[in-house]
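Peer 1: Build me a model from this:
(one chain, ligands or ions: 1)
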Amino acid sequence: MSSTKVRNDSGDTQRLDAAANKSKLLKENSVRIIDIEFNARDVISAISDDIGKGNILGCVKTAGQWIVTLKNADDAELLQQTGLQIGNDMCTVMGVSRSVLRVSLFNVPTYVSDAELSDKLMEYGCRILSPWTRKYYYEFPAIENGTRFIRLELPSNAKSLPYAIVINGNHLRLKHNGQSRVCNNCLSEEHLMRSCPQYLVPYVDNKATRNRGVLQSSVSAVSALGTKVLIVQIKLLIALSQMREKPLKNQWRSKLARMTIHN
Ligand SMILES: [Zn+2]
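Peer 2: So this is what the prediction gives:
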């Protein structure tokens with residue numbers, strides 16, 4: 001009698017574990033899309049065009065966004081990398097529990113090694129999922145143009161990478177889908193680097209850095225440095241707005257190929 005009971009308990013535990021595992025997997029295969037008055041039919045048919053209707057398990061609207069659960073992790077990653085066109089709207093697709101991104105870096109001097117770039121991204125907590133691809137001039141196919149891209153997973157506590165990173169004293173422009181303004185140091189959305197607690201504290205004994213921190217955190221301080229930072233930010237915004245592109249609705253493979261060519 002008692003042995004039967006023990007077996008039942010253990011069976012229940014296994015069932016619970018299996019259910020929890022399945023739920024975790026389904027969450028990893030889920031993506032979210034901000035709702036702008038779409039109906040379920042629009043969302044489903046747009047995703048069907050890219051990955052096929054048979055690969056969609058659920059499409060649920062909650063708290064202003066659509067949570068779409070897919071059969072395959074690959075499809076969830078792909079939609080995040082390419083975005084989704086619903087009607088005339090190009091939508092950003094984000095992961096629910098994990099964000100897999102295709103990240104492009106621009107203005108990378110040829111002498112900067114791929115490993116240096118990976119190290120910087122891993123410092124942020126990113127998990128690298130592919131080798132770097134380097135781009136070349138169309139007219140000069142043997143000469144690099146400074147653009148490189150990679151596939152990675154964001155750390156779970158981050159929603160975005162910054163618009164620029166500094167490596168070896170080089171300011172590199174960084175771009176991915178669904179990007180937002182975050183701290184260049186710790187990826188927090190709550191503050192920018194000039195007021196990052198993790199940035200200023202380790203350098204309190206360094207006078208030059210402390211002065212720079214004070215200058216940068218003073219919003220009203222009109223300094224040469226502040227003006228320069230502002231100009232760089234405005235240039236970045238202009239460049240980013242010019243870079244938006246409109247992938248085709250059909251055939252996600254050609255969409256991905258197109259993005260690869262353009263970057
Ligand atoms: Zn920070």
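Peer 1: Could you tell me the average pLDDT over whatever helix or strand Ala20 lives in, please?
Peer 2: Element membership for Ala20 (DSSP states H and E) is helix 2-28. Averaged across helix 2-28, the pLDDT comes to 78.
Peer 1: What of stretch 58-77?
Peer 2: 93.
Peer 1: Residues contacting it, please?
Peer 2: 26, 28-35, 38, 40, 43-44, 47, 51, 54-57, 79, 95-96, 100, 151 (CB atoms under 8 Å, 6 or more residues apart in numbering). Just so you know, the C-beta spots here come from the backbone N, C-alpha and C atoms, and that holds for glycine as well.
Peer 1: Pull the residues that contact stretch 129-140.
Peer 2: With contact meaning CB under 8 Å, 6+ apart, stretch 129-140 is reached by 100, 114, 117-118, 142-153, 260, 263.
Peer 1: Next secondary structure after the helix holding Ala20?
Peer 2: Downstream of helix 2-28, the next assigned helix or strand under DSSP H and E is strand 30-34.
Peer 1: Please name every helix or strand in contact with that following strand.
Peer 2: For strand 30-34, the packing partners by 3 or more CB pairs under 8 Å, 6 or more residues apart in numbering; DSSP states H and E come out as strand 65-70, helix 73-82, strand 93-95.
Peer 1: Report the buried residues of the last one.
Peer 2: Right, the one you point to is strand 93-95. Within strand 93-95, the residues scored as buried using 16 or more other CB atoms under 10 Å are Val93, Met94, Gly95.
Peer 1: Quickly name whichever of those residues is closest to the ion.
Peer 2: Nearest to the ion out of these is Met94 (CB to the ion; 21.0 Å).
Peer 1: show me where the chain has helices.
Peer 2: Remark: helices assigned in the chain by DSSP state H are 2-28, 40-51, 73-82, 114-123, 197-200, 207-217, 224-243, 252-262.
Peer 1: Any residues of this structure in contact with the ion? List them.
Peer 2: Cys183, Asn185, Cys186, Ser188, Cys196 (CB under 5 Å from the ion).
Peer 1: just to revisit the earlier point, dump the buried residues of strand 93-95 to a markdown table, plus pLDDT.
Peer 2: A markdown table is the format used below for the buried residues of strand 93-95 (pLDDT from 0 to 100):
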| residue | pLDDT |
| --- | --- |
| Val93 | 90 |
| Met94 | 88 |
| Gly95 | 88 |
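Peer 1: okay, now the closest residue to Ile33 other than its chain neighbours: neighbour count?
Peer 2: Distances taken as CB to CB, 6 or more residues apart in numbering put Trp66 closest to Ile33, at 4.6 Å, once the chain neighbours are dropped. Counted with other CB atoms under 10 Å, residues neighbouring Trp66 total 23.
Peer 1: ok, now how distant is Trp66 from Gln14?
Peer 2: Separation of Trp66 from Gln14 (CB to CB, to the nearest Å): 34 Å.
Peer 1: Kindly report the same for Leu79.
Peer 2: Distance from Leu79 to Gln14, by CB to CB: 33 Å.
Peer 1: okay, these two: which has more neighbours?
Peer 2: More crowded of Leu79 and Gln14, by other CB under 10 Å: Leu79, with 25 against 10.
Peer 1: ok now do the nearest residue to that one once chain neighbours are set aside, which residues does it touch?
Peer 2: By the measure of CB to CB, 6+ apart, the closest residue to Leu79 outside its immediate chain neighbours is Val93, 4.5 Å from it. By CB under 8 Å, 6+ apart, Val93 lies in contact with Val31, Arg32, Ile33, Leu79, Gln80, Thr82, Gly83, Leu84, Asn177, Gly178.
Peer 1: farthest pair in those?
Peer 2: Farthest pair in the contacts of Val93 (CB to CB) is Arg32 and Thr82. Separation: 15.3 Å.
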